[in-house]
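Visitor: Provide a 3D model corresponding to the input given below.
(2 chains)
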Amino acid sequence: AQSVTQPDIHITVSEGASLELRCNYSYGATPYLFWYVQSPGQGLQLLLKYFSGDTLVQGIKGFEAEFKRSQSSFNLRKPSVHWSDAAEYFCAVGSARQLTFGSGTQLTVLP
Amino acid sequence: DTEVTQTPKHLVMGMTNKKSLKCEQHMGHRAMYWYKQKAKKPPELMFVYSYEKLSINESVPSRFSPECPNSSLLNLHLHALQPEDSALYLCASSQEGGTGGSGNTIYFGEGSWLTVV
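Guide: Here you go, the predicted structure:
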């Protein structure tokens, strides 16, 4: 069965600092990986996805993620965080049946 | 334009009421989903419709009844709900069912906040 682990429940960074959110997955085949962001009271917005090809994926809002098969990881990064990035971030692995989400990482941005 | 619209945004209902949540997409997607999300938790899959047919029901209680009138619309009929059913209900769609195909991504709506009193 597929699973996703986001080891950090809550991360706090200062505005302008760099950010890395961790994601580890377990999946028997080539994974389809996603990062979604959820602002308070909102739905989920797709940040980026990895299906195949280049292991460094660029997304919206200046985010990128790197797929590392050897580490079963798909970490999300941003070089300079903005106050509007404060939100809940979900990593997910997809299959022919459905998406499996991690438990999420809450990001707080300090001024 | 990736847009899934949900109505109403907020709904308060009593335990004896009957209400419905509605979802619409105009992206030509052939799969539509209902997810339930409790506070501080990830979304949990409830139902999947593929080509207007129910393909997945994740053992959801019968007080939740999905309906797919056509390929663009998805409803969730609610009856005799319990307070523990209070949650954010998210509708989503994708070109095909699941995410096993290249380029098949699930897009979410803004959600409907349901409070059962």
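Visitor: so what's the residue nearest to the spatial centre of chain B scoring on pLDDT?
Guide: With distances taken as CA atoms, centre = their mean, the residue of chain B nearest its centroid is residue B:34 (2.4 Å). On pLDDT, residue B:34 comes in at 96.
Visitor: residue contacts, it?
Guide: Residues in contact with residue B:34 (CB atoms under 8 Å, 6 or more residues apart in numbering or on different chains) are B:23, B:45-47, B:64, B:66, B:74, B:76, B:89-91. In this view, the C-beta of every residue, glycine as well, is placed from N, C-alpha and C.
Visitor: quickly list what residue B:7 is bridged to.
Guide: In this entry, residue B:7 is beta-bridged to residue B:22, by DSSP bridges.
Visitor: neighbouring contacts of the helix or strand bottoming out on mean pLDDT in chain B?
Guide: Every helix and strand of chain B was ranked by mean pLDDT, DSSP states H and E. The lowest is strand B:53-57, at a mean of 88. By CB under 8 Å, 6+ apart, the residues outside strand B:53-57 that reach it are A:97-98, B:31, B:45-49, B:66, B:68, B:97.
Visitor: state the pair within the residues you listed that is farthest apart.
Guide: Maximum pairwise distance in those, criterion CB to CB, is 18.1 Å, between A:97 and B:68.
Visitor: neighbour-wise, which of these two wins?
Guide: Ranked by neighbour count (other CB atoms under 10 Å in any protein chain shown), residue A:97 and residue B:68 place residue B:68 first, with 18 against 15.
Visitor: how far away is residue B:106 from residue A:36?
Guide: To residue A:36, residue B:106 is 9 Å away according to CB to CB, to the nearest Å.
Visitor: out of these two, which sits in the more crowded spot?
Guide: Taking other CB under 10 Å, residue B:106 and residue A:36 do not tie; residue B:106 has more neighbours (28 against 25).
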